[in-house]
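> Quick one, structure for this:
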Amino acid sequence: MITTNQKLEERILLNLGCGQTRPLGWLNTDSSLNSLFQKYPLIKRLTRKIYKSIEYNTSNVMFMDLRYVWNFKDCSVDVVYACHVFEHLTLKTSQLFMSEAFRVLRPNGILRIVVPDLYQLAKNYVYRYEQGDEVASQEFLEVANLHQEGTYSKNRNILVKTLNFLQNYPHQHKYMYDASSIKKIMQANGFVDICESAYGESKYISEINQVEYTKEGVPSIYIESKKS
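Take a look at the predicted model:
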């Protein structure tokens, strides 16, 4: 199990699917090979040479695959934060995510989920379509990350293909959400005080600017809730 030498009164902040966003003071997790091999320089250099993976700026990360039970104790975390992660999960795995988030959060712990806003994306698509924009559908599929054709070259070697398979690539969106559907899921899993927020703003997380500090990319929804 994950252990820390922090005192119980200190906040434990869990940043899931962190990518390059790895602030100090957070437990940053990712399922990429980079995060798995980050602390092993020789293996990291080898996989980068073969796999042409991105070189991250810091090693402040630990490997975590959200398709499985989380390696954290019950009631051990104060904040679970997931930005543009939840939409990459299947419906089955998204249910596991919710149950595990509820399990590991302390009473009154906070869950903040950020996902692309299906309503805004669809609204923009409909508007552009009605204006006669011939590429509206293509760009909608791309921004919704639902267009898999041509994602990877057919000339990949067998090792890269194997690594892609093990990493569950391509990382397309498995589902899309609006504010109402996310709120419904949170409520069904026991979360309370559910509210919408905005980029870089939080009713409950004073450290939000450590993970949201540039600008919003894709139009997104920001939903926060508490463990009852």
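> who does the longest strand along the chain touch, helix- and strand-wise?
Secondary structure assigned by DSSP state E gives strand 105-116 as the longest strand of the chain. Using 3 or more Cβ pairs under 8 Å, 6 or more residues apart in numbering; DSSP states H and E, the elements in contact with strand 105-116 are strand 77-83, helix 179-188, strand 220-227. The way it works is simple: take the backbone N, C-alpha and C, and place the C-beta from them, glycine included.
> List the contacts of the helix or strand just after that strand.
Downstream of strand 105-116, the first helix or strand assigned by DSSP states H and E is helix 118-130. By Cβ atoms under 8 Å, 6 or more residues apart in numbering, the residues outside helix 118-130 that reach it are A136, S137, E139, F140, V143, A144, M176, Y177, D178, A179, V218, P219.
> What is the neighbour count of the last one?
Around P219 there are 14 other residues, counting by other Cβ atoms under 10 Å.
> Likewise for the fourth one?
The burial count assigned to F140 is 18, neighbours taken as other Cβ under 10 Å.
> Would you confirm that C75 contacts V104?
Yes: C75 is within contact range of V104, at 7.2 Å (criterion: Cβ atoms under 8 Å).
> Neighbour count: those two, which is higher?
Neighbour totals were compared for C75 and V104, and V104 leads with 22 against 13 (other Cβ under 10 Å).
> Could you double-check that that one lies in contact with D78?
No: the pair V104 / D78 is not scored as a contact, 9.9 Å apart, by Cβ under 8 Å.
> Mind pulling up the pLDDT for the residue nearest the centre of the chain?
What sits nearest the mean C-alpha location of the chain, by Cα atoms, centre = their mean, is V85, with 2.2 Å. Per-residue pLDDT puts V85 at 96.
> which residues touch it?
When contacts are counted by Cβ under 8 Å, 6+ apart, V85 touches L16, G17, L66.
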